[in-house]
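Visitor: I'll drop the sequence and a predicted model, then ask my questions.
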Amino acid sequence: MNILKHFKIAGTLLALGAGMLAASQASAQSVSDIVKRGKVKVGVLIGAPPYGSVDAQGNAIGYDADVTALVGKYLGVPVEVVQLTPPARIPALEAGKVDFLVATLAPTPERAKAVMFTIPYSAFQTGVYAKKGTPIKTWEDLKNRTVGVNRGSSVEREFTNREKELNLKILRFEDDATTMQALFSGQVEAIAGPDAQANAAIKARGETETELKFMFGMQPNSMTVRKDAYELKQWLNNMIYYIKQNGELNAISEKWVGGPLPQLPTF
């Protein structure tokens with residue numbers, strides 16, 4: 001083996017080592033890893049006010065951002081917020097771009113095959129919204145209509161499950177704000193989405209022609225960690241319990257949703 005080949009092998013090993021080190025630094029799996037590194041990287045949802053949006057300076061604001069600030073407070077380290085759209089949440093976590101997610105993510109059985117969920121830290125009702133003159137009271141009234149939904153959201157399956165039965169034309173958008181805009185502009189006849197996001201969009205626009213047609217469920221939302229981050233998940237569970245008990249989580253709900261924290265399920 002010549003010396004050039006030795007250098008190539010050594011360079012490859014160094015690159016692999018550096019890549020593994022960078023990955024481990026970017027994807028801490030325990031509280032001690034995070035504290036040792038000196039900061040926590042949290043994936044936060046945007047495009048879904050009041051749970052997540054950006055201000056004029058491009059900073060993440062909303063329910064999730066305020067909860068994330070509490071995480072940093074109790075960890076005792078600065079927070080690096082990574083802004084994510086719904087389809088990018090779990091891929092960013094799996095790729096090690098964030099330590100965990102505080103991103104309005106529903107703990108579904110399908111998602112739990114790939115990640116682990118904490119006990120819920122927020123919840124909202126889900127409903128179908130349309131223009132006031134549109135005669136929709138039940139799922140059957142959506143037959144043959146063009147409907148919109150947030151791609152990658154848990155409510156997407158409500159339309160998907162009924163797509164053939166109701167002959168729906170489903171348009172998928174990247175976030176709740178864009179989905180609501182499609183309804184406002186007439187691009188779709190109805191949308192399915194969370195009540196808090198829909199109400200916030202209607203209020204911000206001063207919209208008077210859009211209304212809730214019917215509710216169909218409640219969605220609890222959990223923080224999300226990688227499959228092997230058991231200790232980190234347990235610490236987050238403990239923190240969620242603590243901020244529920246001391247009133248800090250209720251204060252965030254009052255601030256962003258405009259009402260008290262609902263009764264959150266546990267598991």
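Guide: Looks like it came in fine. Numbers count the residues shown, from 1 in each chain.
Visitor: Only C-alpha atoms, please: export the helix or strand hosting Ala182 in PDB.
Guide: Assessed by DSSP states H and E, Ala182 sits inside helix 176-184. Once non-C-alpha atoms are left out, helix 176-184 reads as follows in PDB (Å, rounded to 0.1, in the frame of the first residue of the first chain):
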ATOM      1  CA  ASP A 176     -52.400  25.900   8.600                       C
ATOM      2  CA  ALA A 177     -52.000  29.500   7.600                       C
ATOM      3  CA  THR A 178     -51.800  28.600   3.900                       C
ATOM      4  CA  THR A 179     -54.700  26.200   4.300                       C
ATOM      5  CA  MET A 180     -56.900  28.900   5.700                       C
ATOM      6  CA  GLN A 181     -55.800  31.400   3.000                       C
ATOM      7  CA  ALA A 182     -56.900  28.800   0.400                       C
ATOM      8  CA  LEU A 183     -60.400  28.900   2.000                       C
ATOM      9  CA  PHE A 184     -60.500  32.700   2.200                       C
END
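Visitor: Now tell me what touches whatever helix or strand comes next after that helix from outside.
Guide: Following helix 176-184 in sequence order, the next helix or strand is strand 190-194 (DSSP H and E). Strand 190-194 is contacted from outside by 48, 51, 124-130, 134, 136, 142, 145, 147-150, 153, 155-156, 158-159, 176, 179-180, 182-183, 198, 213, 216, 219, using C-beta atoms under 8 Å, 6 or more residues apart in numbering. (C-beta placed from N, C-alpha, C; glycine too.)
Visitor: what does stretch 260-267 give?
Guide: Defining contact as C-beta under 8 Å, 6+ apart, one finds that stretch 260-267 is touched by 107, 119-123, 218, 220, 244, 249-250, 253-254.
Visitor: Now with 7 Å, please.
Guide: With contacts defined as C-beta atoms under 7 Å, 6 or more residues apart in numbering, stretch 260-267 is touched by 119-120, 123, 220, 249-250, 253-254.
Visitor: Can you tell me which of those residues has the most neighbours?
Guide: Leu249 (23 neighbours; other C-beta atoms under 10 Å).
Visitor: Which of the three states applies to it?
Guide: helix (DSSP: H, G, I helix; E, B strand; the rest coil).
Visitor: ok, it to Phe124 distance?
Guide: Going from Leu249 to Phe124 by C-beta to C-beta, to the nearest Å gives 14 Å.
Visitor: Can you list the low-confidence ranges for the stretch 1-150 of the chain?
Guide: Across the stretch 1-150 of the chain, the ranges flagged by pLDDT under 70 are 1-28.
Visitor: one more time with 80
Guide: 1-29 (pLDDT under 80).
Visitor: Tell me which stretches of it form helices.
Guide: For the stretch 1-150 of the chain, the helices defined by DSSP state H, counting those that start in this stretch cover 3-26, 31-37, 63-75, 89-94.
Visitor: quick one: contacts for the nearest residue to Lys227 once chain neighbours are set aside?
Guide: Using C-beta to C-beta, 6 or more residues apart in numbering and skipping residues adjacent in sequence, the residue nearest Lys227 is Met116, 5.9 Å away. By C-beta under 7 Å, 6+ apart, the contact set of Met116 is 225, 227, 229, 233.
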